[in-house]
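> Please find the sequence and the predicted model below.
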Amino acid sequence: MKMRMAVIGCGSRGKDTYARMQKQFPDRLEIVAAVDPDPKKLLEMQEHYQVPAERCYTDPDPFFSGPCLADVACIATLDHLHYEYAMKAMKAGYHLLLEKPISPVKEECQAIQEAAHQYHRHVIVCHVLRYTPFYRKLKELLVSGAAGEVVSIQASEGVGYWHQAHSFVRGNWRNQKETSPMILQKCCHDFDILLWLTGKHCRRVSSFGDLRLFKESNAPKGAPKRCTDGCPQEHTCPYHAPRYYLGQLEQGNHDWPVNVLTSEPTKEKVLEALRTGPYGRCVYYCDNDVVDHQTVNLEMEDGTTIDFTMCGFTKENVRRIRIMGTLGELEGDMEQNRIWVRPFAGEDQEIDVNTLSDDFSGHGGGDVQLMREVLDLILDGKASEGITTVDQSMESHYIAFAAEESRLENGRTMEVQAF
Ligand SMILES: NC(=O)c1ccc[n+]([C@@H]2O[C@H](COP(=O)([O-])OP(=O)(O)OC[C@H]3O[C@@H](n4cnc5c(N)ncnc54)[C@H](O)[C@@H]3O)[C@@H](O)[C@H]2O)c1
C-alpha cells in the first residue's frame, strides 16, 4: 500500500526534498497532486514524480474545493501561507506534513492546533532534528541515565556566515514583515529538540540580540549595490556572491543553495541570477531586518537552566550541545557527528555517530527518517517515539514567540504560560 501525498508549494522543500522521497520509498509513497503558481515547477513534478497533469494546479482553489485526493497534504509554501492552506487542507480531509514554522502568527498556530483536534488530523511539523541519528543517540543516552538528572544545558546553532547571507540577508527569510522572526524560523527546531531531549516544559525565557552587521551603515567604501557591478572589495569580502555561488558550482554542488537561484544551475544561469535577482545584492544594501545573532535563556519548570545561542558569524552551519547532569556530562558536535560521554564515576567514551547509520543526507539524515516515520504512521498506524504531535510542536513555537517578545523588550523575562 502507498501513502498518497499532495504537495503544496513545490520548491526546495516540497519538490526537491519531500516529493523526491518518492524515489527513496517507491513502494510506500506516491505523489498524486501538486499546487504551485509556477508552471515550471509543476512540469518538473510531472516529469520527475509522475504527477498527472490534470492534478497539477497553478490555482489552489480547484484543488481545495475538489474531492480529497490524498492521505497527506505536504504544506511547503513560504511561512505566511501555511495557515490558509493548513486550515483548508484539514477541512478537506488531509493529514498534514507541515513545514515549520507552523505559522509566523501565534493565533494562527493555535487555530491550526485546534483544527487538528476538531477534524482528528495528524499534523506532523517538520522538526527534522528529531529524526537524526545524532539527536536520537543523545536521547537514548539521556533516557539510559548516562548523565543522571539534567541540570543545565548549553546549546548553540552556528548558522554559518554564508547561510546567514543566503537566507537571512538576501533570501526568503530576511525580512520579518514577509516571513517570521529568525528565532522562530530557524530555532523552533532547537527549542523542540531541547524540550524533547529533557522531557521537561519551559517556565520562563529571556532573550537578547540584534542585527549587527548587515546594514547600509557598514557598507565598505565604494561598494556597489550588486556584487556583479565591480565591487572594489570583491577579493576580500567574505560575502562576495559570485565567488560563493560559482565556487559551489565548481565544487560540483548543483543542489541547495545554488538551485534556489535558478532551477538550471549552470554558470551562465547563476551569473544571470546574480546580475538580476536578490542573491547578487550587496549584503549591506538589502531590505533585511532579521537579527544576525540572538541568545535565549530558558528556565524549565523544575529549575533546569538552558542557554541557547544562535549566531550567523560562524564558518560552518553547525549545532553543538553540552548537557550537564547530576552524574555526568554529554557533549555533542553535529558537524563532526560525534558525542562524548563523560560520567563522573567511570570511563569517558567517544561515540562516532557516523557509524550508526548509512544515510546522513538532508539535515543529517533527518529528512529521510522523518518521511519513513510519517509513512509508518499513516500506512501502519505506528507512531514512533520521536515523532511530533502538533501539541508538542506548539511548545517550541511558544518559546520562540516569548523569546522574540523578550528581545524586543530589552530582555524582559517572559512567562511561557502567558503565551
Ligand atoms: N524543516 C526544515 O528544516 C526547513 C528547511 C528549509 C525551509 N523550511 C520551510 O519550508 C518552507 C518552504 O521553504 P522552501 O525553502 O522550500 O521555499 P521555496 O521558495 O523554495 O518554495 C516555496 C514554493 O512555494 C511556491 N508558492 C508561492 N506562492 C504559492 C501559493 N500561493 N500557493 C502554493 N505555492 C506557492 C513557490 O513557487 C515555491 O515553489 C518554509 O516555510 C520554510 O520555513 C523548513
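Received the coordinates, thanks. The structure presented is a predicted model; accordingly, all values stated were derived computationally and were not measured.
> Might you report the residue contacts of N317?
Contacts were defined as Cβ atoms under 8 Å, 6 or more residues apart in numbering; by that measure N317 touches 158-160, 163, 335. (Glycine included, C-beta is placed from N, CA and C.)
> Same check on I321?
By Cβ under 8 Å, 6+ apart, I321 lies in contact with 138, 153-156, 330-332.
> One more: L29?
Taking Cβ under 8 Å, 6+ apart as the criterion, L29 is in contact with 2-3, 5, 21-22, 371, 375.
> Pick the one among those residues closest to the ligand.
M371 (11.9 Å; Cβ to the nearest ligand atom).
> Now intersect the contacts of L29 with the strands, please.
With strands defined by DSSP state E, the entries of these inside them are 3, 5.
> List only buried entries from the contacts of N317.
Buried by 16 or more other Cβ atoms under 10 Å: 158-160, 163, out of the contacts of N317.
> still on that earlier bit, highest neighbour count among the contacts of I321?
When neighbours are counted by other Cβ atoms under 10 Å, L138 leads the contacts of I321 with 26 neighbours.
> What pLDDT does the model give that residue?
Listed pLDDT for L138 reads 98.
> Would you mind measuring from it to the ligand?
Counting by Cβ to the nearest ligand atom, to the nearest Å, the separation of L138 from the ligand is 18 Å.
> where does L195 land in three-state SS?
In terms of secondary structure, L195 is helix; the call rests on DSSP: H, G, I helix; E, B strand; the rest coil.
> can you tell me how far the nearest residue to it once chain neighbours are set aside sits from T228?
On the basis of Cβ to Cβ, 6 or more residues apart in numbering, the spatially nearest residue to L195 that is not a chain neighbour turns out to be E395, at 5.6 Å. From E395 over to T228 the distance is 44 Å, taken as Cβ to Cβ, to the nearest Å.
> same check, this time on K269
Here the criterion is Cβ to Cβ. By it, K269 lies 14 Å from T228.
> contacting residues for D359?
D359 makes contact with 365, 368-369 under the criterion Cβ under 8 Å, 6+ apart.
> swap in V368?
Taking Cβ under 8 Å, 6+ apart as the criterion, V368 is in contact with 21, 24, 131, 359, 361-362.
> nearest to the ligand, of these?
Compare each of those with the ligand using Cβ to the nearest ligand atom and the shortest gap goes to G362, at 8.8 Å.
> Next up, the contacts around the closest one.
17, 128, 368.
> Enumerate the positions of the strand or helix carrying it that are buried.
When secondary structure is defined using DSSP states H and E, the element that contains G362 is helix 361-364. Of the residues in helix 361-364, 362-364 count as buried by neighbour count, 16+ other Cβ under 10 Å.
> Ok, stretch 55-67 next?
By neighbour count, and taking 16+ other Cβ under 10 Å as the criterion, the buried residues in stretch 55-67 are 55-57, 60, 63-64.
> tell me which element V32 is part of?
Under the criterion of DSSP H and E, V32 resides in strand 29-35.
> For that strand, give the mean pLDDT please.
The pLDDT scores in strand 29-35 average 98.
> Give me the phi and psi angles of I153.
Here the main-chain torsion angles of I153 (degrees, to the nearest 10) amount to phi -140, psi 140.
> ok, it - contacts?
Contact criterion Cβ under 8 Å, 6+ apart gives 194, 197-198, 304-307, 321-324 as the residues in contact with I153.
> Same check on V128?
Shown here is V128, whose contacts under the criterion Cβ under 8 Å, 6+ apart are 189, 362-363, 366-367, 370.
> how about the nearest residue to it, chain neighbours excluded?
G366 is the one closest to V128 (Cβ to Cβ, 6+ apart), at 3.5 Å.
> how about the one you found, what does it touch?
Applying Cβ under 8 Å, 6+ apart, the residues contacting G366 are 128-132.
> With pLDDT and distance to L408 as new columns, can those be given to me in a markdown table?
Shown next, in a markdown table, are those (pLDDT from 0 to 100; distance: Cβ to Cβ, whole Å):
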| residue | pLDDT | distance to L408 |
| --- | --- | --- |
| V128 | 95 | 28 |
| L129 | 95 | 26 |
| R130 | 95 | 29 |
| Y131 | 96 | 32 |
| T132 | 96 | 32 |
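> Pull out the buried residues from those.
Buried subset of those (neighbour count, 16+ other Cβ under 10 Å): 128-132.
> need the residues you listed in TSV with secondary structure and distance to the ligand, can you?
TSV is the format used below for the buried ones among the contacts of G366 (DSSP: H, G, I helix; E, B strand; the rest coil; distance: Cβ to the nearest ligand atom, whole Å):
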residue	secondary structure	distance to the ligand
V128	helix	5
L129	helix	8
R130	helix	11
Y131	helix	10
T132	coil	11
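> sec struct for the single nearest residue of the stretch 201-350 of the chain relative to the ligand, please.
Here the residue of the stretch 201-350 of the chain nearest the ligand is V260; by Cβ to the nearest ligand atom that distance is 6.2 Å. Assigned with three-state DSSP, V260 falls in the helix class.
> if I pick the closest residue to it other than its chain neighbours, what's in contact with it?
When the adjacent residues along the chain are set aside, V260 lies closest to S12, with 6.1 Å between them (Cβ to Cβ, 6+ apart). With contact taken as Cβ under 8 Å, 6+ apart, S12 is in contact with 256, 259-260.
> Assumed S12 was part of a strand.
No. Residue state for S12 (three-state DSSP) corresponds to coil; a strand is not indicated.
> Could you check how far the closest residue to the ligand within the stretch 251-400 of the chain is from L129?
Each residue of the stretch 251-400 of the chain has a distance to the ligand, by Cβ to the nearest ligand atom, and the smallest belongs to H363, at 5.7 Å. Between H363 and L129 the distance, using Cβ to Cβ, works out to 7 Å.
> How many neighbouring residues does N172 have?
With other Cβ under 10 Å as criterion, N172 counts 17.
> That one and the ligand, how far apart?
Looking at N172 against the ligand, where the rule is Cβ to the nearest ligand atom, the gap reads 6 Å.
> Verify the contact between that residue and L78 for me.
Yes. Counting by Cβ atoms under 8 Å, N172 does reach L78; the two are 6.1 Å apart.
> Quick check: neighbours shared by those two?
178-179.
> phi, psi of the residue of the chain at minimum distance from the ligand?
With Cβ to the nearest ligand atom as the measure, the residue in the chain that lies nearest the ligand is G11; the distance is 1.9 Å. G11 has phi and psi values of phi -110, psi -140 when expressed as degrees, to the nearest 10.
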